[in-house]
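Novice: Following is a predicted model, sequence given first.
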Amino acid sequence: MQKSLGMMGMATLVLSMLAPEALAQQQQQQQQQQQQRYREQTIQAQTGELPEMIGELRRLTDQAARLRAADPVFIGDLRRLADIYQERHDYAKQWPVELVSEDFRDGDFTRNPAWTPVEGTWQIVNRGNRAMLHSAILKPQPAAAAPAATGAPAPMTGQDVVVGVLGAIIRQQSGQGAQTTQPAPAQPAAPPQPTSATIQLPAAISNAFALKMELASAGDDGRLDLALYRGQPGESAYRLIYSPAAETGLVLARLTPQGTKLLGSSTGRVNLDDDKLHVIEWRRDQAGKMSVMLDGKPMIEVSDSEIRGRLDGLTLVNGGGSHWIASLAVNGAREPAARPDGTPSYRRGTQ
């Protein structure tokens with residue numbers, strides 16, 4: 001009898017030890033089944049379920065309109081909803097499309113595509129057996145030695161960089177020169193040295209984009225800006241700023257008529273003065289999430305949807321130093337056709 005009770009106790013103990021393991025296996029199988037169902041649903045959505053849903057929505061809407069089963073305003077809203085999802089589906093199907101492609105190998109930046117210099121000097125030069133767009137802004141030499149500083153200046157922050165960029169834009173738009181004092185009449189003054197150089201490329205760029213730029217840089221106190229603008233240049237733009245002297249070497253900002261906002265910045269300094277080509281990748285999705293990578297390393301990740309609709313071009317600004325652009329490419333999506341009723345497409349209205 002005691003032996004039987006001992007066997008039963010042992011069996012109970014073994015079962016109690018196996019129960020958690022069996023339960024864990026069952027939970028794992030359920031998770032795997034859920035993941036499999038999710039993958040199947042994703043594949044169905046990508047291979048035609050969305051168009052079928054849109055078609056069914058249109059059919060039911062037309063039937064409700066014929067039977068006068070719903071308010072006409074509500075029926076109109078349903079039709080616009082179907083249009084929106086159709087445009088999103090068409091938009092996703094045509095991604096990516098090459099919107100801008102430039103490697104300067106033809107030696108002429110004024111055509112195919114046509115860049116427009118705004119200020120300063122830009123030219124095509126050969127560097128390392130490659131044609132590159134080049135601009136150099138030399139740091140002005142002081143006329144006399146300045147007294148020794150009592151302490152080292154504080155490094156610039158990301159906000160300092162943004163404020164400096166905004167000031168440069170205001171000076172450029174107002175036509176203010178770098179020198180405001182009258183030269184001495186006895187000796188003609190030398191022409192003032194440019195403090196920046198700007199070049200623009202008008203191009204239809206979708207609000208969601210993938211930009212890739214190869215560049216080299218020299219000078220540890222300069223600055224190079226890359227802006228994607230909407231409307232007139234300088235009106236509204238997302239601006240990526242490289243500033244090796246700042247404590248955050250890469251800064252992403254939004255500039256609009258309502259003001260300027262620092263969106264994000266890299267951690268630590270960034271200095272590309274090493275006689276090498278570097279790759280900057282800047283991506284933005286349909287929800288406004290943006291990421292910036294340098295040589296494959298993530299540097300900035302932010303989200304912002306303030307600037308909506310198609311972008312109208314890009315701008316390069318040399319704020320100091322010597323910079324070479326070896327190539328620049330932008331992928332995105334073509335602008336969809338306008339709706340028959342004249343209402344704007346979803347990318348113009350909500351993107």
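Specialist: Received, thanks. Numbering: from 1, shown residues only.
Novice: would you list every one of the strands in this protein?
Specialist: Under the criterion DSSP state E, the chain contains strands at 97-102, 116-119, 123-127, 130-137, 197-205, 209-230, 236-242, 250-256, 259-265, 278-284, 289-294, 297-303, 311-332.
Novice: is it possible to export those to CSV including distance to Arg59?
Specialist: In this view, the C-beta of every residue, glycine as well, is placed from N, C-alpha and C. Shown next, in CSV, are the strands of the chain (distance: least, C-beta to C-beta, whole Å):
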stretch, distance to Arg59
strand 97-102, 31
strand 116-119, 50
strand 123-127, 57
strand 130-137, 54
strand 197-205, 35
strand 209-230, 35
strand 236-242, 41
strand 250-256, 42
strand 259-265, 44
strand 278-284, 35
strand 289-294, 35
strand 297-303, 37
strand 311-332, 33
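Novice: To Gln63, which of those strands lies closest?
Specialist: Proximity to Gln63 (C-beta to C-beta) singles out strand 97-102 among the strands of the chain, at 36.6 Å.
Novice: now for the closest one, which elements pack on it?
Specialist: Counting contacts by 3 or more C-beta pairs under 8 Å, 6 or more residues apart in numbering; DSSP states H and E, strand 97-102 packs against strand 197-205, strand 311-332.
Novice: For the last one, name the packing helices and strands.
Specialist: Judged by 3+ C-beta pairs under 8 Å, 6+ apart, strand 311-332 is in contact with strand 97-102, strand 123-127, strand 130-137, helix 158-174, strand 197-205, strand 209-230.
Novice: Mean confidence (pLDDT) on it, please.
Specialist: Averaged across strand 311-332, the pLDDT comes to 96.
Novice: ditto for stretch 57-70
Specialist: 84.
Novice: what comes into contact with that stretch?
Specialist: Identification of contacts with stretch 57-70 by C-beta atoms under 8 Å, 6 or more residues apart in numbering yields Pro72, Ile75, Leu78, Arg79, Leu81, Ala82.
Novice: I'd like to know how far the fifth one sits from Met53.
Specialist: Put plainly, it is Leu81. Distance of Leu81 to Met53, given as C-beta to C-beta, to the nearest Å: 11 Å.
Novice: before we move on, what about Val100?
Specialist: Distance from Val100 to Met53, counting by C-beta to C-beta: 34 Å.
Novice: okay, those two: which has more neighbours?
Specialist: The neighbour comparison of Val100 against Met53 (other C-beta atoms under 10 Å) goes to Val100, with 18 against 14.
Novice: which residues does the nearest residue to that one once chain neighbours are set aside bridge with?
Specialist: Leaving aside its chain neighbours, Val100 sits nearest to Val330 (4.0 Å; criterion: C-beta to C-beta, 6 or more residues apart in numbering). On the basis of DSSP bridges, Val330 is bridged to Val100, Leu211.
Novice: Surely Ser327 is in contact with Arg105?
Specialist: No - Ser327 lies out of contact with Arg105 (C-beta atoms under 8 Å); the separation is 9.1 Å.
Novice: out of the two, which sits in the busier spot?
Specialist: Neighbours around Ser327 and Arg105, counted as other C-beta under 10 Å, are more numerous at Ser327. The numbers are 19 against 12.
Novice: about what we covered before: out of the helices and strands packed on strand 97-102, the one nearest Gln258 is which?
Specialist: strand 311-332 (17.7 Å).
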